[in-house]
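>>> the following block contains a protein sequence and its predicted model.
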Amino acid sequence: MDKSLLKKILPILLFTGMIGNLNAQTFTDVTIAAGITNPNGITRLVHDGAGATDVMGVGSGAAWLDYDTDGDLDLYLTMRTGANKLYRNNGGIGTFTEVAAAAGVQDVSGEGAGVVVGDINNDGLPDLFLNNCHNDKMFVNDGDGTFTDITVSSGLEAILGDRRGTSATFGDYNGDGFLDLYVSHHFMTNGTQAEANRKDFLIYNNGDNTFTDVSSLLPYNDIIGFGFIGGWVDYDQDGDQDIIVVNDCESLSPQYDFPTRIFRNDGGTDPITAWTFTEVSETIGMDDCRNGMGIAIGDYDRDGWQDVFYTNIGPVVLFDNDNGVFSDVTSGSGLDIQATLDYSWGCTFVDYDLDGWQDIFVALGELNHSDADDRPNQMFKNNGDGTFTEVANSLGIDSPMKSRNGIFGDYDNDGDLDLFTVNYSGDFILFRNDVPPASHHYLKVYVSGTESSADALGSEVTVVHGGATIRQTFMVRSGSNLGGGEEIGAFFGLGTDMIVDSLIVLFPNGETDIQTNIAVDQSISVTEPTAPLPVDLSYFEARKVKEEVELEWTTASETENKYFDIERSPEGRDFEVIGRVNGNGTTSSFSDYSFIDETPLRGNNYYRLRQLDFDGSASLSEVKIVNFESNITEVKVIPNPVKQNEFTLSYAGEEAEVNFGIYDIFGKQIQLGIVQNNELQEVEVGDLPNGIYILKLSGESIHHTEKIIISK
């Protein structure tokens, strides 16, 4: 659905009154009680190549993620010295266990700077990209609690080399459903500041765990600044992801001054060789030269347009987005209170008190090592009228430290977002957010893609509440802030409202999901809808017939039906046409069709129909899946549908044993196990509610998927 049309049909009046302050809003330091007792330690300093010490180390990063898909947020930390940390959430009891070694993600020699989370292969599991002072890394989640380092095999090592990484961000610029990557570099690890050594990179995801350097799609002179952070945002609301880059400008001398850049995504015919990005910062009012370090993207004034906030040496800056044109609105907003030489780093928009307005968190920290120069972090409360009030002291989160970042996520699943601060030469701090129960309400929205990426990054989520007088918009992203990542999702404070009038999710592929009259104080999962059936199909099926696949479908009418293209994919995206069947024109009778795929793929085959009308319009059908694995003789699930608290799984094939997993329809892992060749495996499902689940079998050369229905 077109965004402008969507907005026209929403009878919403912008509510500009301020919801009252909470009287007892506090954060509580629970670091030690939670089991996060490892300090960051003294940073390893970066040298300038001539023996002098450069104290401007970037510091450690952190990200919230559910790496084991058990429904609780875990925490990953990059360390400047020694091994990185992965804290597994013990679930419901408020504690964590450090498991980085067992998970294979310690990366001892990397000198960690930052981390970004994204599902690069759409398997429903969060993967990790690490920014390092010595060679960035990519770790793919194996789904069994461990990760595999694919930096070399993916091509990323050859692309990125040994540069001083600062941050990275995921987005899908060409809409193929696979997450691409923008990587920011400041300069070489040894301090060398040549252009080639400080170059940023735009990297295309080939969809097979490999990547291609497509930085040449961006103007070279615009990606050689001292990059600190990039962010993906559809700033002009034209349906594709644009890129904003914040540079460390005014830091050396005029020849090194590179203002903020905005690369407008103008599309193309080939994502590697024929795609156009246009640098437009000057024409839209964003060619701003600051010592930019961190970036926050959000709709602070609730007008539906994504605004931009970023940090600096000295006062921060807020740019208001008005129909794709930006204005500096910092002056008079209450944000410009830093001293001239205050260093501010990571930042983020967050509605910490659930009053319905996006507040701003800022991490402050000096470069030198004197404790006397430490600075307190800041929280700017959004007053709802374009102004902000600094309230960190009253919240208990202003401990003077050399902070580099602060990330928010609901680790205790109580609806408010908790804060984890990363400090450059001191202890980490986990602050539990204690919004008084039932004082202000919330809605958490988690989206997943079908045609879009599994994370559905770039989705625009809107809630309408307050009797259709309040409208909030959140764009799902991963990797803004600075070297860290908030929990991926859309999070809304609702003030005292007890109902959400409408929830509208606009997915990157243009599909829209609209729900109404939603209860508050809950989490909702929304899956990107597939396109409607092209005609009134009364039947559509795909099945194995010996070594072929037979597709059959039946129409209920043939109005303007010209032909059907049969499309196939091994992954459920990037479909290719494998055949065509002519329609029956404008007859009104039922018509039966069939098609034989004589050369199905090994593994999963995803089939769909693309129907073309005589007027040129086209639509897509639902997707059918057929698996062809010659090395699996037989897989049996008895009974299916499952009527009791267990079922029997058996496998006959070439491997002695294979792994199996049970997943819900959103791709969340429910259960793992092993089944032996030609043996029966009893699988307990007594705790699972009735519904549709996916069973996956995998081994060295096996990948098998089938549907299970539980109907007890």
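Arrived safely.

>>> and residue 567, how far from residue 578?
7 Å (CB to CB, to the nearest Å). Where C-beta positions appear, they are placed from N, C-alpha and C, glycine not excepted.

>>> now do residue 149
36 Å.

>>> number of nearby residues for residue 580?
When neighbours are counted by other CB atoms under 10 Å, residue 580 registers 12.

>>> that one touches residue 564, doesn't it?
Yes. If you go by CB atoms under 8 Å, residue 580 and residue 564 touch, sitting 6.9 Å apart.

>>> neighbours of residue 691, just the number please.
11.

>>> meant to ask about residue 259, not that
Neighbours of residue 259 (other CB under 10 Å): 20.

>>> doesn't it belong to a strand?
No. Assignment of residue 259 by DSSP: H, G, I helix; E, B strand; the rest coil gives coil, placing it outside any strand.

>>> so it makes contact with residue 287?
Yes. Counting by CB under 8 Å, residue 259 does reach residue 287; the two are 4.6 Å apart.

>>> quickly list what's touching both of those two.
residue 281 (CB atoms under 8 Å, 6 or more residues apart in numbering).

>>> tell me, what's the model's pLDDT at the closest residue to residue 583 other than its chain neighbours?
Nearest residue to residue 583, sequence neighbours excluded (CB to CB, 6 or more residues apart in numbering): residue 561, at 3.5 Å. Per-residue confidence (pLDDT) for residue 561: 77.

>>> cool, and residue 7?
42.

>>> can you give the distance from the host helix or strand of residue 113 to the centre of its chain?
Element membership of residue 113 [criterion: DSSP states H and E] is strand 112-118. Offset of strand 112-118 from its chain centre (CA atoms, centre = their mean, to the nearest Å): 12 Å.

>>> next one: stretch 396-403
Using CA atoms, centre = their mean, the offset of stretch 396-403 from its chain centre is 28 Å.

>>> can you pull out the helices in the protein?
3-8, 100-103, 156-160, 392-395 (DSSP state H).

>>> if you average pLDDT over each of the ones you listed, which is lowest?
Least confident of these, judged by mean pLDDT, is helix 3-8 with a mean of 43.

>>> per-residue confidence at the closest residue to residue 89 other than its chain neighbours?
Leaving aside its sequence neighbours, residue 89 sits nearest to residue 72 (CB to CB, 6+ apart; 3.9 Å). pLDDT for residue 72: 94.

>>> residue 72: neighbour count?
There are 17 residues near residue 72, going by other CB under 10 Å.

>>> my read: it touches residue 66, true?
Yes. With contact defined as CB under 8 Å, residue 72 reaches residue 66; the gap is 6.5 Å.

>>> measure the nearest residue in space to residue 277 that is not next to it in sequence to residue 244 for me?
Excluding its sequence neighbours, the residue lying closest to residue 277 (CB to CB, 6+ apart) is residue 263, at 4.2 Å. Distance, residue 263 to residue 244, by CB to CB: 8 Å.

>>> strands of the stretch 101-250 of the chain, start to end?
Taking DSSP state E, counting those that start in this stretch, the strands of the stretch 101-250 of the chain run over residues 112-118, 127-132, 137-141, 147-149, 163-171, 180-188, 201-205, 211-213, 227-233, 242-247.

>>> could these be laid out in CSV, adding mean neighbour count?
As requested, those are exported to CSV (neighbours: other CB atoms under 10 Å):
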stretch, mean neighbour count
strand 112-118, 29
strand 127-132, 26
strand 137-141, 24
strand 147-149, 18
strand 163-171, 29
strand 180-188, 26
strand 201-205, 23
strand 211-213, 18
strand 227-233, 27
strand 242-247, 27
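
>>> distance to residue 310 and mean pLDDT for these - can I get that in JSON lines?
Shown next, in JSON lines, are the strands of the stretch 101-250 of the chain (distance: least, CB to CB, whole Å; pLDDT from 0 to 100):
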{"stretch": "strand 112-118", "distance to residue 310": "16", "mean pLDDT": "90"}
{"stretch": "strand 127-132", "distance to residue 310": "18", "mean pLDDT": "92"}
{"stretch": "strand 137-141", "distance to residue 310": "26", "mean pLDDT": "96"}
{"stretch": "strand 147-149", "distance to residue 310": "31", "mean pLDDT": "97"}
{"stretch": "strand 163-171", "distance to residue 310": "12", "mean pLDDT": "84"}
{"stretch": "strand 180-188", "distance to residue 310": "13", "mean pLDDT": "79"}
{"stretch": "strand 201-205", "distance to residue 310": "20", "mean pLDDT": "94"}
{"stretch": "strand 211-213", "distance to residue 310": "26", "mean pLDDT": "94"}
{"stretch": "strand 227-233", "distance to residue 310": "8", "mean pLDDT": "82"}
{"stretch": "strand 242-247", "distance to residue 310": "5", "mean pLDDT": "88"}
